[in-house]
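1. Here is a sequence together with a model predicted from it:
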2 protein chains.
Amino acid sequence: MFESLPGFRDFYPDSCAGRNHLFRIWRQTANSFGFSEYDAPVLEPLDLFKEKSGPEVVSQLFAFKDKGGREVALRPEMTPSLARLAGAKASSLRRPIKWFHIGEHYRYEKPQRGRLRAFYQFNADILGEPGPGADAELIALCIKSLTALGLTAEDFRIRLSDRDIWLHYMAAFGIEGDSAAQALDIIDKRERVDRGVTLEKLAQIFGDSAEDFFKDVERLGKAKDLNRLKDILLGPDSTCKSAGNSDQISQRLNDWKMLLDQLDAMQLMPYLEIDLGIVRGLAYYTGFVFEAFERGGDLRSLAGGGRYDGLVKKLGYDDLPATGFAMGDVTLGDLLARKNLLATFISAPDIFAILGGAEERKIALADILALRENGFRVEYALKETGFGKQFKLAGQSRAKFALIYGAEELAADSVKVRDMNSGAEKLIPRDRLNTELLEIRETGIPLEE
Amino acid sequence: MFESLPGFRDFYPDSCAGRNHLFRIWRQTANSFGFSEYDAPVLEPLDLFKEKSGPEVVSQLFAFKDKGGREVALRPEMTPSLARLAGAKASSLRRPIKWFHIGEHYRYEKPQRGRLRAFYQFNADILGEPGPGADAELIALCIKSLTALGLTAEDFRIRLSDRDIWLHYMAAFGIEGDSAAQALDIIDKRERVDRGVTLEKLAQIFGDSAEDFFKDVERLGKAKDLNRLKDILLGPDSTCKSAGNSDQISQRLNDWKMLLDQLDAMQLMPYLEIDLGIVRGLAYYTGFVFEAFERGGDLRSLAGGGRYDGLVKKLGYDDLPATGFAMGDVTLGDLLARKNLLATFISAPDIFAILGGAEERKIALADILALRENGFRVEYALKETGFGKQFKLAGQSRAKFALIYGAEELAADSVKVRDMNSGAEKLIPRDRLNTELLEIRETGIPLEE
């Protein structure tokens, strides 16, 4: 007896149908937004991830040496492979590049609720367009992918933040480069850490200004609209003003206005919360960053993304501005199940054919193959057996209709179709089988006949 | 700069669309036959494959130790995982179990034409039904999956063989168990090996009878119909008759008749060749085995399968008779490309929206999102830009229609739709946008308007 590995899932037909439904909705929504699907290997050279994923992700890799001595790893995320593909053909691809991907990813983490070692992600990215129009399009796709599954603004929100604003703001304190990245990391983790500890860490970067900075962090974290942000960043007491970099800040706030105007025009503001407290842990984000999170309960993250303009160049290709998000299937699947939105997709046949004897079976088999070619899902008993047993099998299969090939019916070159729910029956000439069954599938069989 | 690993593929949007088309046809055909999709992890405990795949497959595994010290491997084939899933829930699953799978598999082989290290397979299996009705259903699915892609009996054939016949026949020579398995292996490889070498090897098993046995092998290999098989196996000079196991042989030939009668009733005989020369290398096959191979050219294998009744039990579960096949995407993809059957799926938008200025953009964005929700694929310039540039982008996108949001049109609460091929235009009231566009997508715009 064998079991699957911890953190890996078996998909029996019912759960596989649920998973495929999720994939179908993701795929349809991305297609409607003009995104094209791509794929890349699940196994890549280890260096690809070392180069660009953060150290936490690298420590969780399923990495090994292949039989040719190559250091390889199962992909923990999609972005490095995407950057590789887009970078390699950047000059010949129509801009903006709007691509999506649905596939599995692997991280050796402690399996727990909402976290597995193998999980699916829907990734969508726009490359080649640096302006906020690309960010708006992506955030819209993220929202519409969730609403297409039946979720509403009661179920989730998008938190919108901006690493650029933070960088400009910290520059006013004289903090830049690695120190700024460290500070962002501290800000990102502040809600899970004691206030005193956070202040202590910030003091190592900001010195005496740590207390002032942290007060601003908390004020910025609470600012829920653009005007309030403007007040804090450019108001009379603002550090930025005194540091003389208020021009950069107001230019950036102009990008904010463009982004919010577009999302407003798309009627998506009910899904949006400005929250500068989000800065996203991953090392490579640059401008706008966002996260879709569950409302109520434990506010788990459903999707996350943002701008990562430097990454393609960092991998050795021409510069290509980029923004993207990833949506996982695990937390989302839990939410959909709780909201009863993972429709159960019963894979019942349209038709179960009931076959008289050897002669009837012969005639039926040709019909069955023709019906299948016309898109009907058709089953029959693979072994010759009595009528009673066959009707029992038809019932167990939950088929909508039984198609009866008896000697009597076939003598008239006809077959009998029975609605398995109502019991209504109708005799159909064999040469009209496909047409009549198409109609009956739509309208049912009138009970009088 | 990075490259993907040797034997692994990148799928840019065009090739990804071709791959997805293949998956869609496989999925549709399997569904129409009443098969249900399942999935299992790509990474499994190494022992699962050691237990059941042949030594050749095991030597090609991408195997390693995970961070928890577990010996694991990327799946080289689907059957062991399938047997695990079906075995574990055998008592609660409706019989026969008809399942299919589409997914990737991994073998460390020398990459060459038609052979990669990562390849997709369509696997279909029937478990719980020991009779030839299950084999017929599977062979029919195999054929119909290929014809649904546009292939004909000119392009491929199914070679049908039977390990049972061979085992009964060898038993007449007193050869059973491991010796019989070895002999089958020699028979399987005989066309790629010098006749003398084959005879030498057979002599180690059959002693003085090797020459006689090999003559029969060659006669059986040439037998193209059931009557000829009967003659060789049960005719007056037959070894089986003298060995007294002709009852088992004639019972087995009765199974053959049942199988062929059903395939004949399904009108599939034009696709079929009896060829006892095929015995399939894999260790676990039992009864009927078959292979779909290309005609003309180098007769490469497109799919292969057969009965493997002992496997589920061997993995430690209750006995469950089983038959299945696997169809790979690599050789098949080559063939489809050569036959021009891999339709190029151009991912062009239905509509490219042309936006006047900031005000028009606002109105358009709401409409665009509504059209997308109704299933239209809609693009627009993510950055504000002039009409001329936008029409150029629309042309490059290969959109079928442009939807023009100018100040003039919007003053009349309308938008103009233009057929990008004919240049025909029509003004549409905004509140009838979806309805009119649905119609125009079907019928086009009359040139007079």
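-> Done, it's in. Just so we're clear, the structure is a prediction, and the values are computed from it rather than from any experiment. Numbers count the residues shown, from 1 in each chain, chains lettered A, B, ... in the order given.
2. Please identify the buried residues of the strand or helix carrying residue A:48?
-> Following DSSP states H and E, one finds residue A:48 within helix A:46-52. Residues of helix A:46-52 classed as buried by neighbour count (16 or more other C-beta atoms under 10 Å in any protein chain shown): A:46, A:48, A:49, A:50, A:51, A:52. Glycine gets a C-beta too; all of them are placed from N, C-alpha and C.
3. With stretch A:146-159 instead?
-> Under 16+ other C-beta under 10 Å, the buried positions of stretch A:146-159 are A:146, A:147, A:148, A:149, A:151, A:153, A:155, A:156, A:157, A:158, A:159.
4. domains for chain A, by residue range?
-> For chain A, the domain assignment from automatic domain parsing gives the residue ranges A:13-40+A:75-338, A:351-442.
5. what's the most buried one of those?
-> Comparing the domains of chain A on average neighbours per residue, with mean count of other C-beta atoms under 10 Å in any protein chain shown, the densest one is domain A:13-40+A:75-338 at a mean of 19.
6. Between the two ends of it, how far is it?
-> 20 Å (C-alpha to C-alpha, to the nearest Å).
7. which non-adjacent residue is nearest residue A:220?
-> In this structure, residue A:220 finds its nearest non-sequential neighbour in residue A:276, 4.5 Å apart by C-beta to C-beta, 6 or more residues apart in numbering or on different chains.
8. Hmm, residue A:229 and the one you found touching each other?
-> Yes: using C-beta atoms under 8 Å, residue A:276 is in contact with residue A:229, at 7.4 Å.
9. Can you check which residues contact both of those two?
-> In terms of C-beta atoms under 8 Å, 6 or more residues apart in numbering or on different chains, residue A:276 and residue A:229 are both contacted by the residues A:165, A:220, A:223.
10. Surely the last one is in contact with residue A:229?
-> Yes: with contacts counted by C-beta under 8 Å, residue A:223 reaches residue A:229, the gap being 4.8 Å.
11. shared neighbours, the two?
-> A:274, A:276.
12. pLDDT on stretch A:436-449, on average?
-> For stretch A:436-449, mean pLDDT is 83.
13. hey, C-alpha coordinates of it in PDB?
-> The C-alpha coordinates for stretch A:436-449 follow below in PDB (Å, rounded to 0.1, in the frame of the first residue of the first chain):
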ATOM      1  CA  GLU A 436     -34.300  13.800 -31.800                       C
ATOM      2  CA  LEU A 437     -31.900  13.200 -28.900                       C
ATOM      3  CA  LEU A 438     -30.500  16.700 -29.300                       C
ATOM      4  CA  GLU A 439     -34.000  18.000 -29.000                       C
ATOM      5  CA  ILE A 440     -35.000  15.700 -26.100                       C
ATOM      6  CA  ARG A 441     -31.900  16.700 -24.200                       C
ATOM      7  CA  GLU A 442     -33.100  20.300 -24.400                       C
ATOM      8  CA  THR A 443     -36.800  19.900 -23.800                       C
ATOM      9  CA  GLY A 444     -37.300  16.500 -22.300                       C
ATOM     10  CA  ILE A 445     -40.000  14.000 -23.300                       C
ATOM     11  CA  PRO A 446     -43.600  15.100 -23.000                       C
ATOM     12  CA  LEU A 447     -45.300  12.800 -20.500                       C
ATOM     13  CA  GLU A 448     -48.300  12.000 -22.700                       C
ATOM     14  CA  GLU A 449     -46.400  10.200 -25.400                       C
END
